[in-house]
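Peer 1: Could you look at this predicted model? Sequence included:
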Amino acid sequence: MSYRYAVGDKVRVLAGDPPGHIRTPFYIRGKTGVVEERWGEFRNPEELAFGKPGLPKRPLYLIRFKQAEVWPGYKGPAADTVSADIYEHWLEPAR
């Protein structure tokens, strides 16, 4: 299995809004987080939704985001986080 990112790497979720079935939540597009886990490789659900085989399989990560990064004006504790499963093709290295 080949992963582009390691646990602890800072990544940014792409900000695109392509048509069709998208597995990446809109509220985290364009946000920066940290790789928390690497779950394995799975068929691409964005293609499976249209009856395609979803191949090649794509690495899936658990990405942790600071709540303040995700929700502008967040008033909770600075240590609060939210995590989401994101496929590798939606990630790029954070700058």
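Peer 2: Received it, and whenever you're ready, just let me know what you need.
Peer 1: where do the helices sit along the chain?
Peer 2: 45-48, 67-70 (DSSP state H).
Peer 1: partner residues bridging T32?
Peer 2: With DSSP bridges as the criterion, the beta-bridge partners of T32 are R12.
Peer 1: That one: neighbour count?
Peer 2: For T32, the count of nearby residues is 17 (other C-beta atoms under 10 Å). No exception for glycine: its C-beta is placed from N, CA and C like everyone else's.
Peer 1: I figured it was touching V70, is that so?
Peer 2: No - T32 is beyond contact range of V70, at 9.9 Å (criterion: C-beta atoms under 8 Å).
Peer 1: quick revisit: what about the helices of the chain, which gets the closest to K57?
Peer 2: Evaluated over the helices of the chain, closeness to K57 peaks at helix 45-48, with 10.9 Å, by C-beta to C-beta.
Peer 1: which stretch in the helices of the chain is the model least sure about?
Peer 2: Least confident of the helices of the chain, judged by mean pLDDT, is helix 45-48 with a mean of 90.
Peer 1: Quick check, central residue of this protein?
Peer 2: I86 (2.8 Å; C-alpha atoms, centre = their mean).
Peer 1: who touches it in this structure?
Peer 2: V13, T24, I28, L60, Y61, L62, I63 (C-beta atoms under 8 Å, 6 or more residues apart in numbering).
Peer 1: Out of those, which comes closest to F42?
Peer 2: Of those, the one sitting nearest to F42 (C-beta to C-beta) turns out to be L60, at 5.4 Å.
Peer 1: nearest spatial neighbour of the closest one, skipping sequence neighbours?
Peer 2: Nearest non-adjacent residue to L60, counting by C-beta to C-beta, 6 or more residues apart in numbering: W39, 4.4 Å away.
Peer 1: The one you found - how many residues pack around it?
Peer 2: 11.
Peer 1: before we move on, what about the one 3 residues further on?
Peer 2: Burial of F42, expressed as a neighbour count using other C-beta under 10 Å, amounts to 14.
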